[in-house]
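# Below is the structure, and that's it, no one-letter string:
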């Protein structure tokens, strides 16, 4: 009887431990999928207001095309598209400080982005908890080069949850202090997490969006490339 009693107690203890562990796991999943998204979506209202204020306060200047790296070449160069005496100018806004909400991204083909999602400067964990994060060493959207923005796919509002639904030719908009910059999707690829080449400079003006792949995993990265087609600087950039 003593041995039977000990076995019963052990089985009962294991059962309770398993039950408690299951509740904790379910609670963690609920917190990650729902609580974090609720917090992020609630923060979006304040972040968008901050971005709107930033639009009004940020310094915007006009820069001669001949002084913009990647848009002009030496006179007589094989690919020269802008002569040194060309007086066309590019609108340039000051680079935001770290963690500053400074842009709003929209994509008509994605439910989470139809109304817009605020972009903050930086890709630290705290930045991505609140909005999509702009990689600091890349250009601001609407400027020449390759602007890179990262976002969650399953937690913290999951702004890039359905990034895979966008197809070549679909439109993405990014609003900054200069106005609305329109991009067209060119391709979507899957890479490993260490494929930093996707952030490298590109001729023209590009928007690169990155997120985890597959959903609920960080094993790989989904990367979407979109090219600038219209906006305040599009005519100058596309002619260069």
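That came through, no problem. These numbers come from a predicted model, not from an experiment.

# since we're on residue 172, how many residues are nearby?
Residue 172 has 24 neighbouring residues, counting by other C-beta atoms under 10 Å. C-beta here means a position set from N, CA and C on the backbone, and glycine is covered the same way.

# Give the other helices and strands that the helix or strand encompassing it contacts.
Counting by DSSP states H and E, the element that carries residue 172 is strand 171-176. Applying 3 or more C-beta pairs under 8 Å, 6 or more residues apart in numbering; DSSP states H and E, one finds that strand 171-176 makes contact with strand 101-106, strand 179-191, strand 205-213.

# any idea of the mean pLDDT in it?
Averaged over strand 171-176, pLDDT sits at 97.

# That strand to strand 205-213, inter-axis angle?
Note on geometry: by axes from the mean of the first three to the mean of the last three C-alpha atoms, to 10 degrees, strand 171-176 and strand 205-213 are set 110 degrees apart in direction.

# Partner strands of strand 171-176 and their direction?
strand 101-106 (antiparallel), strand 179-191 (antiparallel) (DSSP bridges).

# nearest to residue 217, of these?
Go through the strands paired with strand 171-176 one by one with C-beta to C-beta and the one that ends up closest to residue 217 is strand 179-191, at 11.8 Å.

# Now do that closest one: distance to the chain's middle.
In terms of C-alpha atoms, centre = their mean, to the nearest Å, the centre of strand 179-191 is set 11 Å apart from its chain centre.

# Need the residues that contact that strand.
Applying C-beta atoms under 8 Å, 6 or more residues apart in numbering, the contact partners of strand 179-191 are 141-142, 163-164, 166-175, 198, 205-207, 213, 220-234.

# Now do residue 154 against residue 107, distance only.
Distance from residue 154 to residue 107, counting by C-beta to C-beta, to the nearest Å: 18 Å.

# now swap in residue 87 and tell me
Taken as C-beta to C-beta, the span from residue 87 to residue 107 is 35 Å.

# higher neighbour count, these two?
residue 107 (27 against 8).

# so the more buried one touches residue 113, yeah?
Yes - counting by C-beta atoms under 8 Å, residue 107 touches residue 113, with 4.1 Å between them.

# Tell me which helix or strand comes right after the helix or strand bottoming out on mean pLDDT in the chain.
Ranking every helix and strand in the chain by mean pLDDT, DSSP states H and E puts helix 2-30 at the bottom, with a mean of 61. The helix or strand immediately downstream of helix 2-30 is helix 36-57, counting by DSSP H and E.

# can you state the direction angle for that following helix and strand 101-106?
Using the same axes, to 10 degrees: helix 36-57 against strand 101-106 is 110 degrees.

# Packing partners of helix 36-57?
strand 101-106, strand 117-121, helix 125-130.

# how about the ones you listed in CSV, adding mean neighbour count, distance to residue 238 and mean pLDDT?
Shown next, in CSV, are these (neighbours: other C-beta atoms under 10 Å; distance: least, C-beta to C-beta, whole Å; pLDDT from 0 to 100):
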stretch, mean neighbour count, distance to residue 238, mean pLDDT
strand 101-106, 24, 21, 96
strand 117-121, 25, 23, 94
helix 125-130, 16, 31, 83
